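Colleague: what follows is a predicted structure for the sequence shown.
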Amino acid sequence: MMIAMARTSPLAIRLRREHGAVQHPDRRDLERDGWRTTLDYRENHVRGRDGLLRQLHVAWHAEAEQDLPDGRSVVISATASSVDRVWSRLRMEAELTDVRLRRRDEPVDSGAA
């Protein structure tokens, strides 16, 4: 008895999408640290009086949200002209936010040496 097996063409194997492979490393690190992220693309078209397109201002806007153990939520955002820059800026903002939150939660040392 022969069993017919489905064959996948080499082209289909090469074109198969690997989930997560296209995600930016900074975004992946943010999500691993517990941030929920979003990314928006915006364009501002600058036209002359004659209606012709003169300039195109591109803006990528990324946001991240994280729930803290005490029930509070933190939201941060960044805007840049490229995807790489916006994720880098958002990751820096997340690191600064983590430092600020740790400083706020540290006990104040009132004893002078």
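Modeller: Looks like it came in fine. Residues are numbered from 1 along each chain as shown.

Colleague: quick one, helices of the protein?
Modeller: Per DSSP state H, the chain carries helices over the ranges 10-15, 25-32, 83-105.

Colleague: summarise which helices and strands the second one is packed against.
Modeller: Meaning helix 25-32. strand 36-47, helix 83-105 (3 or more Cβ pairs under 8 Å, 6 or more residues apart in numbering; DSSP states H and E). Every residue, glycine included, has its C-beta placed from N, CA and C.

Colleague: which helices and strands sit right next to the first one?
Modeller: Put plainly, it is strand 36-47. Using 3+ Cβ pairs under 8 Å, 6+ apart, strand 36-47 sits against helix 25-32, strand 53-67, helix 83-105.

Colleague: mean neighbour count, distance to His45 and mean pLDDT added to those, as JSON lines?
Modeller: Formatted as JSON lines, the helices and strands packed on strand 36-47 follow (neighbours: other Cβ atoms under 10 Å; distance: least, Cβ to Cβ, whole Å; pLDDT from 0 to 100):
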{"stretch": "helix 25-32", "mean neighbour count": "15", "distance to His45": "27", "mean pLDDT": "94"}
{"stretch": "strand 53-67", "mean neighbour count": "15", "distance to His45": "6", "mean pLDDT": "94"}
{"stretch": "helix 83-105", "mean neighbour count": "15", "distance to His45": "20", "mean pLDDT": "91"}
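
Colleague: thinking again about what came up before, include distance to Asp26 when you put the helices and strands packed on helix 25-32 into TSV, please.
Modeller: TSV is the format used below for the helices and strands packed on helix 25-32 (distance: least, Cβ to Cβ, whole Å):
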stretch	distance to Asp26
strand 36-47	10
helix 83-105	4
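
Colleague: show me the contacts for the residue positioned nearest the centre of the chain.
Modeller: Closest residue to the average C-alpha location of the chain: Arg27 at 4.1 Å, with Cα atoms, centre = their mean. Arg27 is in contact with Thr37, Leu39, Ala62, Trp87, Leu90, counting by Cβ atoms under 8 Å, 6 or more residues apart in numbering.
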